[in-house]
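Visitor: give me the fold of what follows.
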Amino acid sequence: MGISDPRSVIVLDYGAGNLRSVVRAVERVGFRAEVTSSPGRLAAARVVVLPGVGAAADTMRNLKRCGLVEPLKEYLAANHPFLGVCMGLEALMTVSQEGGEHRCLDALPGQVVRLPAGQKVPHMGWNAVRFSQPSVALDGIPQGAYFYFVHSYYCVVEEAQCVVATTDYGVTIPAVVERGNLVATQFHPEKSGVYGLRLYRNVLTRAFLVGSASESGGGDARCK
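Guide: This next block holds a predicted model:
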């Protein structure tokens, strides 16, 4: 796929796996996925997807190995369209307590902490998601829709207004975070059936509308 492909969605490959299902979801909703680990591709990206499974320490180590940390921080600071999935959400926090204290991307103030005692860990399976405020990412998805989760830690987000949806698992967990053109989910939308695909379609469609408005010199890239 050429670098100038106008419908290209950059899916970052930093060795975390789970790329095939993400690529398949992107393509099923009408876009083209370009899997890359090249930091240079972020500069001209219309939208970046950061998937992920595993632990924060490994994620940050691999992002550093690929030279992606600073380019990602710059991309996020510029409010460019972004979708983080599972570890792609946790990596946005200031710090993670998984396996010791590890600095993350610090795009969203907060920390990643272990699920509470008494709950089966990892949390693996379908959970209902409750929307607390309007969200472009959740347009057309019914209140209480079920999504697929696989995680042992969760995010404590300092900017509560960024949390647009939650789920309950012995504690209230941020399920969808949205700030400007950044959207991130604790669940895996690519494994969540029709509603997960709807979320991908919503986020990616908005991303390309934002890009078109920026190129024409009009519009406001902020969603709130």
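
Visitor: OK, contacts around residue 149?
Guide: Counting by Cβ atoms under 8 Å, 6 or more residues apart in numbering, residue 149 makes contact with 123-127, 167, 169, 186-188. Where C-beta positions appear, they are placed from N, C-alpha and C, glycine not excepted.

Visitor: confidence score at it?
Guide: For residue 149, the model assigns a pLDDT of 97.

Visitor: so after the stretch of helix or strand it belongs to, what's the next helix or strand?
Guide: Per DSSP states H and E: residue 149 is located in strand 146-151. Next helix or strand after strand 146-151 toward the C-terminus (DSSP H and E): strand 153-157.

Visitor: neighbours of the nearest residue to residue 75 once chain neighbours are set aside, just the number please.
Guide: Leaving aside its sequence neighbours, residue 75 sits nearest to residue 42 (Cβ to Cβ, 6 or more residues apart in numbering; 4.9 Å). For residue 42, the neighbour count with other Cβ atoms under 10 Å is 21.

Visitor: which residues touch residue 42?
Guide: Applying Cβ under 8 Å, 6+ apart to residue 42 gives the contacts 10, 48, 68, 71-72, 74-75.

Visitor: point to the residue nearest the middle of this structure.
Guide: residue 84 (1.3 Å; Cα atoms, centre = their mean).

Visitor: SS state for the residue nearest to that one when sequence neighbours are not counted?
Guide: Nearest residue to residue 84, sequence neighbours excluded (Cβ to Cβ, 6+ apart): residue 184, at 3.4 Å. State at residue 184, reduced to three classes by DSSP: H, G, I helix; E, B strand; the rest coil: strand.

Visitor: partner residues bridging residue 184?
Guide: residue 84, residue 177 (DSSP bridges).

Visitor: ramachandran angles for the nearest residue to residue 24 once chain neighbours are set aside?
Guide: Of all residues not flanking residue 24 in the chain, residue 190 sits nearest, at 7.0 Å (Cβ to Cβ, 6+ apart). For residue 190, the backbone dihedrals (degrees, to the nearest 10) come out as phi -70, psi -10.

Visitor: quick one, strands of the chain?
Guide: 8-12, 32-36, 48-50, 82-85, 95-96, 102-103, 110-114, 123-128, 130-131, 146-151, 153-157, 163-168, 172-179, 182-185 (DSSP state E).
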